[in-house]
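A.B. asks: dropping the sequence and predicted coords here.
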Amino acid sequence: MAGQGAELVDAVMTASRVLVAIAARSLAAAGDVTLPQYRALVVLATRGPQRGTDLAEALGVNPSSATRLLDRLARAGLVRRTRLRADRRAVRVSLSPQGRDLVAQVTRRRREEVERLLAALPAEQHQLVITALHAIADAAGEAPERDLAVGLGWY
């Protein structure tokens with residue numbers, strides 16, 4: 001991309017570094033959960049219980065990688081596995097209460113830090129930021145934050 005396109009990419013890259021740093025600090029306060037593990041917990045929080053293969057697809061990893069990731073989350077008590085009655089080979093994965101609490105805790109910390117950051121923006125820029133970030137999230141196929149809040153029982 002040349003010209004304004006390059007400036008757009010640079011602006012998004014810079015903003016993403018800020019947001020990744022916020023996410024990393026929020027997650028670090030939660031303990032020994034890796035970013036990929038946390039991402040799996042968020043997918044389960046927003047989309048509900050899923051088969052391991054569906055979760056692998058949502059995470060963009062192969063099923064064996066998802067199985068290993070889920071093994072670690074299950075050992076940590078953050079997810080539960082249940083065999084499906086209709087197909088005894090299939091396993092449904094869901095958040096445990098401890099997993100739900102962890103996602104809520106990390107989300108709360110991240111939200112507080114983002115609120116502090118955005119408080120520094122002039123009010124007349126708020127709608128521009130809202131529109132731009134919604135467009136980026138939509139282009140990426142990301143579930144809205146409200147879906148996470150509903151999944152966690154906040155709404």
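C.D. replies: Alright, I've got the coordinates. Numbering: from 1, shown residues only.
A.B. asks: now the helices for the protein?
C.D. replies: Taking DSSP state H as the criterion, the chain carries its helices at 4-28, 35-47, 52-59, 63-75, 97-119, 126-140, 145-151.
A.B. asks: could you list the buried residues of stretch 109-129?
C.D. replies: 109-110, 113-114 (16 or more other CB atoms under 10 Å). Every residue, glycine included, has its C-beta placed from N, CA and C.
A.B. asks: next one: that stretch to chain centre, how far?
C.D. replies: 19 Å (CA atoms, centre = their mean, to the nearest Å).
A.B. asks: of the buried residues of stretch 109-129, which is the nearest to residue 11?
C.D. replies: Nearest to residue 11 out of these is residue 114 (CB to CB; 17.4 Å).
A.B. asks: so who does the closest one touch?
C.D. replies: 19, 22 (CB atoms under 8 Å, 6 or more residues apart in numbering).
A.B. asks: likewise residue 40?
C.D. replies: 55, 59, 66, 69-70, 73, 79.
A.B. asks: and the furthest pair within those?
C.D. replies: Using CB to CB, the pair of the contacts of residue 40 lying farthest apart is 59 and 79, separated by 13.1 Å.
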